[in-house]
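>>> Build me a model from this:
(chains A and B)
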Amino acid sequence: MIRERSARVAVWPRQPSRGTRARRYDDRVNTENSPQQPPAPDIDVPEQVRVRLEKRARILDEGGQAYPVSVPVTHTIAAIRDAYDGTLEAGDETQDLVGVAGRVVFQRNTGKLCFATLQDGEGRTLQVMLSQREVGADSLAAFKADVDLGDHLFAHGRVIVSRTGELSVFADDWRLAAKAIRPLPALHKESSEENRVRRRHVDLIARPAAREMVRTRAAVMRSLRESFHQRDFLEIETPMLQTMHGGASARPFVTHMNAYDIDLYLRIAPELFLKRAVVGGVERVFEINRNFRNEGADSSHSPEFAMLEAYEAYGDYNTMAALTQDLVVTAARDALGTTVVTLPDGREYDLGGEWKDIQLYPSLSAACGEEITPHTPLADLLTLAKRADISLDEKTATPGKVVEELWEHFVGDDLYAPTFVRDFPVDTSPLTRAHRSQEGVVEKWDLYVRGFELATAYSELVDPVVQRERFEQQARLAARGDAEAMQVDEEFLQAMEHGMPPSGGMGMGIDRLLMALTGHGIRETITFPLVKPRS
RNA sequence: GGGCCUCUAGCUCAAUUGGCAGAGCUGCGGACUUUUAAUCCGUAGGUUCCGGGUUCGAGCCCCGGGGGGCCCA
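As a prediction, this is how the structure comes out:
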């Protein structure tokens, strides 16, 4: 059995506070619950933390509990609100006894009658009233001495409504449910975005929008899975640690496996494994899981992000379009209750109704005023890019890459209402089959919402010979210094050689779906995004 | 990668031309039996992100570094 060293905070007996210097403690000292351990002078402790540590120690000293194993809760805050809100008038008292617990978010301690507002995880609140007449002078004094903002408090008593109309538990008994050592931030002021992200646990206590985002995200995940299950898709988990990186164009993270002494890649996409599952007969398959890309981090990119991929045998990029539209619209209805998204700036767009459907080359030609086709020479495209002030790495530039850059610059940013953009260049889509009727393009669409790419889908390339050629092309790109190019995945090619049925495949960024549905940045949609450590 | 902005008490923010580092909330002590961010009186709380420099004197000016944000690519 592995024993982990427990990290406990050393607490010392009450000392007279003298001077203005912050006290210190050493959180590496294992004191095994002893409040008698002397402080080790190592780390500064703010005054408020010191005071609360002293309260904890005193409570333990006096034989009380700062962290009881449980408290006898009989009702949730929500249950009491639901049962009594609107049924009682100011001053009404019931004989209904309840035991309730929550975090203390406001305290109004008057002389002989104290008020505390308890909050649950959803942000619903309930007032507790503690009267000296009801609980006794000693108990009320202890309440004032022991309970701080941020503590978890348990109260037992009758359900009443105060004279000013606030639904309350009129306590006949109370206990500390868990003592908070760190103070809450000021609840009526917004924290800085950095603090919100770095200390999301505090953000979730303090900010309703943070709580809502977590719940919206959960509702979206649940909705997506439900939509897939209704269509008889199976959910599987494919490897996150891969010996080759492939399935997308992106720089991978590299890690090392000691047992085999080999480098492994954190996956950039689950695509190749999901296709192997389709070859093996899992004909409707999806996965929702994390991808990792070793690229920049900004307001729309995170190095670690949640991805949905789905494959359907005997489907194509048209069936995937219908599927995707339904997934998104259903998720909006399930999570928001409407298909109309209202952005924080007041802007609105509707995910319902018909979605726009445009083609890449014609829409680019119209936007930049020049005819651009799959046959437009690279040199002409580069000239256009230069004129539009788009800087490119000419060493690794291909016609398709430049066309996509041009398209994003001239068209992509303005697409707020959902729009499918169809039929992409061949050389940027090595896993996609050639278009059934148009030369020089592949059957691929990108879905744009709110100015960014939300999803992409292909009629999948299933010809193993063409697939091998495309990989070899990628390998040549890699040799020219393109770090995003795919490697030749022999395992995957052999799987394809066993025969993959004609299929449609789709990938969607889950974080981006949340961004599209809520209008917030990616760091708000991810509960605990990666943040740069402080030095 | 480039440009611009930003970092001050636990939290949110001030600080005039370079001239004694402040407020509100939180904390601590006191008063108060119907409060809603309770109120009132008193009080404590600082490595002004870090390291250099200029200056009689730097939160402020200069150089370098770090964190964060926005815009561009």
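>>> in its sheet, what does the longest strand along chain A sit against?
Counting residues, the longest strand found in chain A (DSSP state E) is strand A:93-109. Next to strand A:93-109 in the sheet, as set by DSSP bridges, lie strand A:113-119 (antiparallel), strand A:152-161 (antiparallel).
>>> so of those strands, which one's packed in deepest?
For the strands paired with strand A:93-109, the largest average neighbour count (mean count of other C-beta atoms under 10 Å) is found in strand A:152-161, namely a mean of 22. Where you see a C-beta, it was placed from the backbone N, CA and C, and this is true even at glycine.
>>> quick check, it touching RNA strand B?
No. Using C-beta under 7 Å from any atom of the strand, strand A:152-161 never reaches RNA strand B; the gap is at least 7.8 Å.
>>> Just give me how far that strand sits from the chain centre.
35 Å (C-alpha atoms, centre = their mean, to the nearest Å).
>>> Render the CA-only coordinates of that strand in CSV, please.
Taking Å, rounded to 0.1, in the frame of the first residue of the first chain, the C-alpha atoms of strand A:152-161 are listed here in CSV:
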residue,chain,number,x,y,z
HIS,A,152,-20.3,25.7,5.9
LEU,A,153,-23.0,25.9,8.5
PHE,A,154,-25.7,23.4,9.6
ALA,A,155,-28.8,24.7,11.3
HIS,A,156,-31.9,22.9,12.7
GLY,A,157,-35.2,24.6,13.5
ARG,A,158,-38.6,25.6,12.4
VAL,A,159,-39.4,27.1,9.0
ILE,A,160,-40.7,30.6,9.4
VAL,A,161,-40.8,33.9,7.5
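>>> for that strand, what is the average pLDDT?
Mean pLDDT, strand A:152-161: 97.
>>> do you know how far residue A:272 is from RNA strand B?
Shown here: residue A:272 relative to RNA strand B, a distance of 28 Å by C-beta to the nearest atom of the strand, to the nearest Å.
>>> got it, and residue A:83?
The gap separating residue A:83 from RNA strand B is 18 Å, by C-beta to the nearest atom of the strand.
>>> circling back: okay, the strands paired with strand A:93-109 in a markdown table with distance to residue A:233 next?
As requested, the strands paired with strand A:93-109 are exported to a markdown table (distance: least, C-beta to C-beta, whole Å):
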| stretch | distance to residue A:233 |
| --- | --- |
| strand A:113-119 | 39 |
| strand A:152-161 | 42 |
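>>> now the helices: where do they sit in the stretch 101-250 of chain A?
Secondary structure of the stretch 101-250 of chain A by DSSP state H, counting those that start in this stretch: the helices cover A:132-135, A:137-146, A:193-198, A:200-206, A:208-230.
>>> sorry, back to before: residue A:503: which of the strands paired with strand A:93-109 is closest?
Ranking the strands paired with strand A:93-109 by proximity to residue A:503 (C-beta to C-beta) places strand A:113-119 first, at 49.4 Å.
>>> Contacts made by that closest one with the rest, please.
Applying C-beta atoms under 8 Å, 6 or more residues apart in numbering, the contact partners of strand A:113-119 are A:77, A:100-109, A:125-132, A:140, A:143-144, A:147, A:153, A:155, A:168, A:205.
>>> next one: stretch A:206-214
So stretch A:206-214 is contacted by A:121-123, A:184-185, A:187, A:190-191, A:196, A:200, A:203-204, A:514, A:518, A:520, A:524-525, A:527 (C-beta under 8 Å, 6+ apart).
>>> Give me the average confidence score over that stretch.
Here stretch A:206-214 scores 91 as its mean pLDDT.
>>> Which positions in it come out as buried?
For stretch A:206-214, the buried set under the neighbour-count rule, 16 or more other C-beta atoms under 10 Å, comprises A:206-207, A:210-211, A:213.
>>> which among those gets closest to RNA strand B?
Nearest to RNA strand B among the buried residues of stretch A:206-214, counting by C-beta to the nearest atom of the strand, is residue A:206 at 8.3 Å.
>>> Now the stretch 401-535 of chain A against RNA strand B: closest residue?
Across the stretch 401-535 of chain A, no residue is closer to RNA strand B than residue A:532, which sits at 2.8 Å (C-beta to the nearest atom of the strand).
>>> returning to what we had before: ok, of the helices of the stretch 101-250 of chain A, where does mean pLDDT dip lowest?
helix A:193-198 (a mean of 85).
>>> rewinding a little: between the strands paired with strand A:93-109, which gets nearest to residue A:472?
strand A:113-119 (60.5 Å).
>>> on that earlier part again, quick one, the longest strand of chain A and helix A:137-146 angle?
Angle, strand A:93-109 to helix A:137-146, by axes from the mean of the first three to the mean of the last three C-alpha atoms, to 10 degrees: 40 degrees.
>>> returning to that earlier point: can you tell me which of the helices of the stretch 101-250 of chain A is most buried?
Greatest burial across the helices of the stretch 101-250 of chain A, using mean count of other C-beta under 10 Å, falls to helix A:200-206, with a mean of 19.
>>> In PDB, list the C-alpha atoms belonging to that helix.
What follows is helix A:200-206 as a C-alpha-only set of coordinates in PDB (Å, rounded to 0.1, in the frame of the first residue of the first chain):
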ATOM      1  CA  ARG A 200     -12.300  28.700 -10.200                       C
ATOM      2  CA  HIS A 201     -13.600  27.200  -7.000                       C
ATOM      3  CA  VAL A 202     -13.900  30.700  -5.600                       C
ATOM      4  CA  ASP A 203     -15.400  31.900  -8.800                       C
ATOM      5  CA  LEU A 204     -18.100  29.200  -8.600                       C
ATOM      6  CA  ILE A 205     -19.000  30.300  -5.100                       C
ATOM      7  CA  ALA A 206     -19.000  34.000  -5.900                       C
END
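>>> is it anywhere near RNA strand B?
No. Using C-beta under 7 Å from any atom of the strand, helix A:200-206 never reaches RNA strand B; the gap is at least 8.3 Å.
>>> ok, whichever residue of the stretch 201-350 of chain A sits closest to RNA strand B - how many residues close by?
Residue nearest to RNA strand B within the stretch 201-350 of chain A: residue A:299 (4.0 Å; C-beta to the nearest atom of the strand). Residue A:299: 11 surrounding residues under other C-beta atoms under 10 Å.
>>> Where does residue A:507 sit, in terms of helix or strand?
Taking DSSP states H and E as the criterion, the element that holds residue A:507 is strand A:503-509.
>>> in its sheet, what does that strand sit against?
strand A:304-313 (antiparallel), strand A:452-459 (antiparallel).
>>> Quick one: these as a markdown table, columns for distance to residue A:48 and mean neighbour count too.
Below are those laid out as a markdown table (distance: least, C-beta to C-beta, whole Å; neighbours: other C-beta atoms under 10 Å):
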| stretch | distance to residue A:48 | mean neighbour count |
| --- | --- | --- |
| strand A:304-313 | 34 | 22 |
| strand A:452-459 | 43 | 23 |
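>>> Determine which two of the buried residues of stretch A:206-214 are furthest apart.
Longest span within those, C-beta to C-beta: A:206 and A:213, 13.3 Å.
>>> rewinding a little: in terms of secondary structure, what does the helix or strand following the strand holding residue A:507 contact?
Sequence-wise, the next helix or strand downstream of strand A:503-509 (DSSP H and E) is helix A:510-518. Secondary-structure packing of helix A:510-518 (3 or more C-beta pairs under 8 Å, 6 or more residues apart in numbering; DSSP states H and E): helix A:208-230, strand A:304-313, helix A:317-336, strand A:340-342, strand A:452-459, helix A:522-525.
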